[in-house]
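J.: For reference, the sequence and a predicted model appear below.
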Amino acid sequence: MPGGRLTQQERRQIALGLADSLPYAEIARRLDRPTSTITREVMRNGGPTDYRADLAHRATEHRTHRRRPRAPRTPEPLPRVPGRDAAAVAAYEETLTTVLMASGLPRMTARVLTCLFTTDEGSLSASQLARRLEVSAASVSKAITFLESQSLVRREQDERRRDRYVVDDELFYQATIAGARANDRLVETARRGVAVLGPRTPAAERLENVARFLDFISESIVRAADQAREVLHGTRDTTSADTARPGP
């Protein structure tokens, strides 16, 4: 019994058999094909009353072309840097991605951030990220949107007005301050609850304690972030002097 796809001539014979009101089994016997093959062919292409051989053949060719596998994309290699072990770098990237995921980032978002962190330039375009990670542009766009909302990446335009996504020291400061500001909103809301629930009630005291705790944390975070920002921007004299001080 022959296999493979139906030929155009076989489809014409199917159309003639349908015109003569032959059952599927008889058409299949004449073509030396399984009855199930004829049944699927007819029902996929209009049914017994609307089956047209030439239209069915073109539709099958179109489906075959649409399903034809594309050549696999070759991932864009990272620039080779003298002295770096490529295998060690790849292992480190996987470790960093895992750690970022443990901190709460989705896997694709963590992979994008890892790619930006481990690029010497500290910036990549969306197409570069998609090629290096072998993912769709939509996946990169979704990850970037989340990272921008958390102040973890910054968008810039290059000389060709293409968007590039940047990570640098300043972003850590901005993300930290954004987290403190989120605490401030919770403090404000908790204290509003104190007024609503009435002072000196157990619920109001609980909310007031939450507000005091978070208020103290926010002030400490902002103060520490400002000090760390000065260190990152080069106030090395102060750090050197601190280092040189004798211990107690």
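T.: Everything's here; your move. On a predicted model such as this, the values are computed, not experimentally measured, just so you know.

J.: those helices in this structure, which residues are they?
T.: 8-19, 24-31, 35-44, 47-50, 53-67, 86-102, 107-117, 126-133, 137-149, 169-197, 202-232, 236-244 (DSSP state H).

J.: ok, and which of those has the densest surroundings?
T.: Burial among those, expressed as mean neighbours by mean count of other C-beta atoms under 10 Å, is greatest for helix 107-117, which shows a mean of 21. Heads up, the C-betas are built off the backbone N, CA and C, glycines and all.

J.: if we can go back for a sec, now distance to Gln157 and mean pLDDT too, for the helices of the chain, in JSON lines please.
T.: Output for the helices of the chain, formatted as JSON lines (distance: least, C-beta to C-beta, whole Å; pLDDT from 0 to 100):
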{"stretch": "helix 8-19", "distance to Gln157": "54", "mean pLDDT": "92"}
{"stretch": "helix 24-31", "distance to Gln157": "62", "mean pLDDT": "91"}
{"stretch": "helix 35-44", "distance to Gln157": "49", "mean pLDDT": "89"}
{"stretch": "helix 47-50", "distance to Gln157": "54", "mean pLDDT": "87"}
{"stretch": "helix 53-67", "distance to Gln157": "36", "mean pLDDT": "79"}
{"stretch": "helix 86-102", "distance to Gln157": "26", "mean pLDDT": "90"}
{"stretch": "helix 107-117", "distance to Gln157": "17", "mean pLDDT": "92"}
{"stretch": "helix 126-133", "distance to Gln157": "12", "mean pLDDT": "90"}
{"stretch": "helix 137-149", "distance to Gln157": "14", "mean pLDDT": "90"}
{"stretch": "helix 169-197", "distance to Gln157": "17", "mean pLDDT": "85"}
{"stretch": "helix 202-232", "distance to Gln157": "25", "mean pLDDT": "90"}
{"stretch": "helix 236-244", "distance to Gln157": "32", "mean pLDDT": "47"}
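
J.: These: which one's closest to Asp158?
T.: helix 126-133 (11.2 Å; C-beta to C-beta).

J.: Does that closest one pack against any helices or strands, and if so which?
T.: Applying 3 or more C-beta pairs under 8 Å, 6 or more residues apart in numbering; DSSP states H and E, one finds that helix 126-133 contacts helix 107-117, helix 137-149, strand 163-166.

J.: one more time with 6 Å
T.: When contacts are defined as 3 or more C-beta pairs under 6 Å, 6 or more residues apart in numbering; DSSP states H and E, helix 126-133 packs onto helix 107-117, helix 137-149.

J.: can these go into a markdown table with extra columns for distance to Leu186?
T.: As requested, those are exported to a markdown table (distance: least, C-beta to C-beta, whole Å):
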| stretch | distance to Leu186 |
| --- | --- |
| helix 107-117 | 24 |
| helix 137-149 | 18 |
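
J.: how about those helices, which one is nearest Ile221?
T.: Closest among the helices and strands packed on helix 126-133, once you apply C-beta to C-beta, is helix 137-149, at 19.2 Å.

J.: Which residues does the closest one contact?
T.: Met108, Thr109, Val112, Ala126, Leu129, Ala130, Val153, Tyr165 (C-beta atoms under 6 Å, 6 or more residues apart in numbering).
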